[in-house]
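Visitor: Predicted model and sequence below, questions to follow.
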Amino acid sequence: MTSLILASQSPFRRMLMENAGLAFRAQAAEIDERAAEAALAERNPTPQEVAVALAIEKARDVAERNPGALVIGSDQTLSLEGRVFHKPADMAEAKGHLTTMSGRTHSLNCGVALLRDGETLWSHISVAHMTMRPLSEAFIDRHLARVGMRVLASVGAYQLEGEGVQLFERIDGDYFTILGLPMLPLLAKLRDLGAIDA
């Protein structure tokens, strides 16, 4: 079997891979995501295109250091009415994210790619639509005080697998996409490539 590498140190992505019974190792990509996005900006890409491009760049970086390995890259963007959100820099920005998303529907765009020796073998985008219930400022403050700095690790300033689930009234999409790795299409492609047992 081909050596399989997840180009991520995300504990959630690793958990999804482990839970699926995959034999792999994780290695963080060493790219400047904001610089990569800036390079894409002149093409005026959609948030979905940005997610796929960043997934490819992450996988390419790790593949260059691991000849012959099959490398999985994944990235997520959050978009709301044309605005793309990034991980909040601090708790004040996290509060701003939640205030802006309160009572509205945003999209989580999750790109995934498979590369070997610099060649992109496959890429895919999966989108989940997340409707946040109307939130009072007092509730947002209490919520952020409870969950603490963990919110800074997530693009939307929430973690659905934890207390973040309390922020929502409706979710249309795949749970794996929300956690940052669309497992069903990924597993299907790994089977197609003979990288895992079919």
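Guide: Okay, I see it. Residues are numbered from 1 along each chain as shown.
Visitor: partners of the lengthiest strand in the chain in the sheet?
Guide: Scanning the chain for the strand with the most residues, using DSSP state E, yields strand 119-132. Sheet neighbours of strand 119-132, with direction, are listed as strand 105-116 (antiparallel), strand 168-172 (antiparallel) (DSSP bridges).
Visitor: Quick one, which of those gets closest to Leu193.
Guide: strand 105-116 (7.3 Å; C-beta to C-beta). Backbone N, C-alpha and C define where each C-beta goes, glycine included.
Visitor: Buried residues in the closest one, which are they?
Guide: Neighbour-count burial for strand 105-116 flags His106, Ser107, Leu108, Asn109, Cys110, Gly111, Val112, Ala113, Leu114, Leu115, Arg116 (criterion: 16 or more other C-beta atoms under 10 Å).
Visitor: Mind pulling the model confidence for the spatially most distant residue from the centre of the chain?
Guide: Within the chain, the residue lying farthest from the chain centre (C-alpha atoms, centre = their mean) is Ala138, at 28.7 Å. Note on Ala138: pLDDT of 97.
Visitor: What is the helix or strand that contains it packed up against?
Guide: If you go by DSSP states H and E, Ala138 is part of helix 137-147. Applying 3 or more C-beta pairs under 8 Å, 6 or more residues apart in numbering; DSSP states H and E, we find helix 137-147 packed against helix 91-101.
Visitor: Give me the contact list for the helix it packs on.
Guide: For helix 91-101, the surrounding residues in contact (C-beta atoms under 8 Å, 6 or more residues apart in numbering) are 80, 85, 88, 132, 135, 137, 140-141, 143-144, 149, 151-152, 156-158, 167.
Visitor: For Ala128, give its distance to Met91.
Guide: 25 Å (C-beta to C-beta, to the nearest Å).
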